[in-house]
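Chemist: got a predicted structure here, sequence first:
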There are 2 protein chains.
Amino acid sequence: MTKNSNEAADNPVSIALGTHRQGIDRLDGALVFLLAERFAITDEVGRIKAESGFPALDADREAEQRARLRVIAADAGVDPALVEPVFDALTATVRARHEEIRRSTVGEDG
Amino acid sequence: MTKNSNEAADNPVSIALGTHRQGIDRLDGALVFLLAERFAITDEVGRIKAESGFPALDADREAEQRARLRVIAADAGVDPALVEPVFDALTATVRARHEEIRRSTVGEDG
């Protein structure tokens, strides 16, 4: 089958894919809004840590979060191995953002 | 200030951080459940594509999703640069999963 005959808009497979894509788009909208809320909170955490001299990294807290995510993933019926790379990217982005906040709060040498 | 005096549990900063962490944990729970739903759909998309001979990658669809995420991020008041790495990790994980599904559907040489 060629791509063209297979991807005609009225093909049953195309219709099914289109429906699934709408579902994915709705979930992505919800994900962006939750991420916006989460980054608002982690920015505040970054400011508090920078201003009060708290260490940026807390290995115990990260390990606890990771363990918790695996439990919730099991509850939600999703393989934790699928969810973890997403949270790893999130954690790395928050870390970089906290570094930025720390630099703008205490100066480059702080 | 030492870490210990600063991180006593009754320190106002520790209390504020604890409250923020509870908020983050609640959001992460919601994120995991949305991701579980999203992976359920993308697994189904992977099966449909593998069985019907659709190409695994659709560059137009990915570009469209990326543009859409930037618009929603602006609506949600979050810098798209913070959200994109999370979706990049998600897309990479879905791609790898689709490869797995394709291999198990059509065999290693399919």
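Modeler: Perfect, I can see it now. Source: prediction; values computed, not measured. Residues are numbered from 1 along each chain as shown, chains lettered A, B, ... in the order given.
Chemist: quick one: is the helix or strand A:Ile15 falls within near chain B?
Modeler: If you go by DSSP states H and E, A:Ile15 is part of helix A:12-52. Yes: under the criterion of Cβ under 8 Å from any Cβ of the partner chain, chain B is reached by helix A:12-52 at A:13, A:16-17, A:20-21, A:23-25, A:27-42, A:44-45, A:48-49, A:52. All C-beta spots, glycine's among them, are computed from the backbone N, C-alpha and C.
Chemist: of those residues, which count as buried by neighbour count?
Modeler: A:13, A:17, A:21, A:23-24, A:27-29, A:31-39, A:41-42, A:45, A:48-49, A:52 (16 or more other Cβ atoms under 10 Å in any protein chain shown).
Chemist: so A:Ala74 sits against A:Pro80, correct?
Modeler: Yes: at 7.1 Å, A:Ala74 counts as touching A:Pro80 under the criterion of Cβ atoms under 8 Å.
Chemist: look at these two and report which has more neighbours.
Modeler: Neighbours were tallied for A:Ala74 and for A:Pro80 using other Cβ atoms under 10 Å in any protein chain shown; the higher tally belongs to A:Pro80 (16 against 12).
Chemist: distance of the residue nearest the centre of chain A relative to A:Glu51?
Modeler: Nearest to the mean C-alpha position of chain A, by Cα atoms, centre = their mean, lies A:Leu90 at 4.4 Å. As for A:Leu90, its distance to A:Glu51 is 23 Å (criterion: Cβ to Cβ, to the nearest Å).
Chemist: what of A:Asp75?
Modeler: For A:Asp75, the distance to A:Glu51 (Cβ to Cβ) stands at 36 Å.
Chemist: what stretches of chain A score poorly on pLDDT?
Modeler: By pLDDT under 70, the weakly predicted segments of chain A are A:1-7, A:107-110.
Chemist: same thing but at 50, please
Modeler: By pLDDT under 50, the weakly predicted segments of chain A are A:1-4, A:110.
Chemist: what about A:Gly53, neighbour count?
Modeler: Per other Cβ under 10 Å, the neighbour tally for A:Gly53 reads 13.
Chemist: next one: the one 4 residues further on
Modeler: The tally of other residues near A:Leu57 (other Cβ under 10 Å) stands at 11.
Chemist: so it: helix, strand or coil?
Modeler: Here A:Leu57 is coil, with the state taken from DSSP: H, G, I helix; E, B strand; the rest coil.
Chemist: that one against A:Thr91, yeah?
Modeler: No: the pair A:Leu57 and A:Thr91 fails to qualify as a contact (Cβ under 8 Å) at a distance of 10.2 Å.
Chemist: alright, calling it a day.
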